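In: what follows is a protein structure lacking sequence information:
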């Protein structure tokens, strides 16, 4: 029966052979994701605060539209009133935010020739930049001088210098998110589920770079506590922020089981940290984090330019000094918020996707008790 013969042949060529080919490709691919720690797979509502604004876009203003190319982090200089931000085109830009967002002024300040991420101010007005490609940079003399401070520790080069904080004694604390993958490959570090990150310090006096912690899961944002006693740093894939006690050299969990994947963390000078999360916990991410096989498939198709890591519901979480959640500002329509900085009555948010800074008036659009 020719029709039956054709159907069987069609079945073999359309399903069986592609299936066998897929198995072969899967086994030949060298990407080898690992299971994540059990506590990273816990999904709890305890990290959802009593106050919520789930429509962050409502009332939001946009600063520097089209002039700021993916401004990842934000640092505010209270003396000059200027906002500094690092863009994907290598520019560290200065922004004068005015009452009318449309009237705000954007200035091209310094181009690092890399990808500036985290920003902080040194003791003498210099701008410290964690550049993903270059390492830890010091920009001084009002932008006329750029100096490389460090780009390796213990003989291992930084691959993804990420965030930086400055102590009152001038010591710089910073993260290298991964010693294996660079900025363009960061999603593979996330998918691999192995701890390639480090928390480090740099002493400007001795020029010594010291590894404080290693084997961290994509070490991301870092912030100094107001009493200078400890740092709070974020590990993105495991949805956790931890404390590192500087003198005691010990670690304890600050907050975990976050409602999203943390990026930068900022202290506002008023008793609160603000934790930005580029995406919430989606069903696909939940499954992928639990099953390494799914992460491998996601990585395999990513090599062909297909992105299965769909992000949604980005936001910023406000917590107190003990890690107790206070308020959550988010929106299902937003993705890739990377930093949240409270300046006066406004919340300013950076992004890895958009070409502008988002600003929200917290007095006009406050988080409210969820019903």
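Out: It's in. Small disclaimer: the values here were computed from a predicted structure and weren't measured.
In: what sits opposite the residue nearest to residue 213 when sequence neighbours are not counted in the beta ladder?
Out: In this structure, residue 213 finds its nearest non-sequential neighbour in residue 199, 4.2 Å apart by C-beta to C-beta, 6 or more residues apart in numbering. Using the backbone N, CA and C atoms, a C-beta is placed for each residue, glycine as well. In this entry, residue 199 is beta-bridged to residue 175, residue 213, by DSSP bridges.
In: next one: residue 199, what pLDDT does it get?
Out: We note a pLDDT of 98 for residue 199 in this prediction.
In: cool, residue 45 as well?
Out: We have a pLDDT of 76 for residue 45.
In: repeat for the one 3 residues further on
Out: At residue 48, the pLDDT value in this model is 82.
In: excluding sequence neighbours, find me the nearest residue to it.
Out: Nearest non-adjacent residue to residue 48, counting by C-beta to C-beta, 6+ apart: residue 259, 5.9 Å away.
In: distance of that neighbour from residue 275?
Out: Here the criterion is C-beta to C-beta, to the nearest Å. By it, residue 259 lies 10 Å from residue 275.
In: burial count for the closest residue to residue 151 other than its chain neighbours?
Out: Closest residue in space to residue 151, ignoring its immediate chain neighbours: residue 135 at 3.0 Å, by C-beta to C-beta, 6+ apart. Using other C-beta atoms under 10 Å, the number of residues around residue 135 comes to 21.
In: who has more neighbours out of residue 259 and residue 275?
Out: residue 275 (29 against 22).
In: tell me which element residue 333 is part of?
Out: Using DSSP states H and E, residue 333 is not contained in any helix or strand.
In: picking that back up, which strand residues bridge the residue nearest to residue 151?
Out: Beta bridges link residue 135 to residue 131 when assigned by DSSP bridges.
In: these two touch, right, it and residue 146?
Out: No. With contact defined as C-beta atoms under 8 Å, residue 135 does not reach residue 146; the gap is 11.6 Å.
In: and the helices in the stretch 1-150 of the chain, which stretches?
Out: Applying DSSP state H, counting those that start in this stretch to the stretch 1-150 of the chain gives helices spanning 2-11, 17-28.
In: which of these has the lowest mean pLDDT?
Out: Note on these: helix 2-11 shows the lowest mean pLDDT, a mean of 38.
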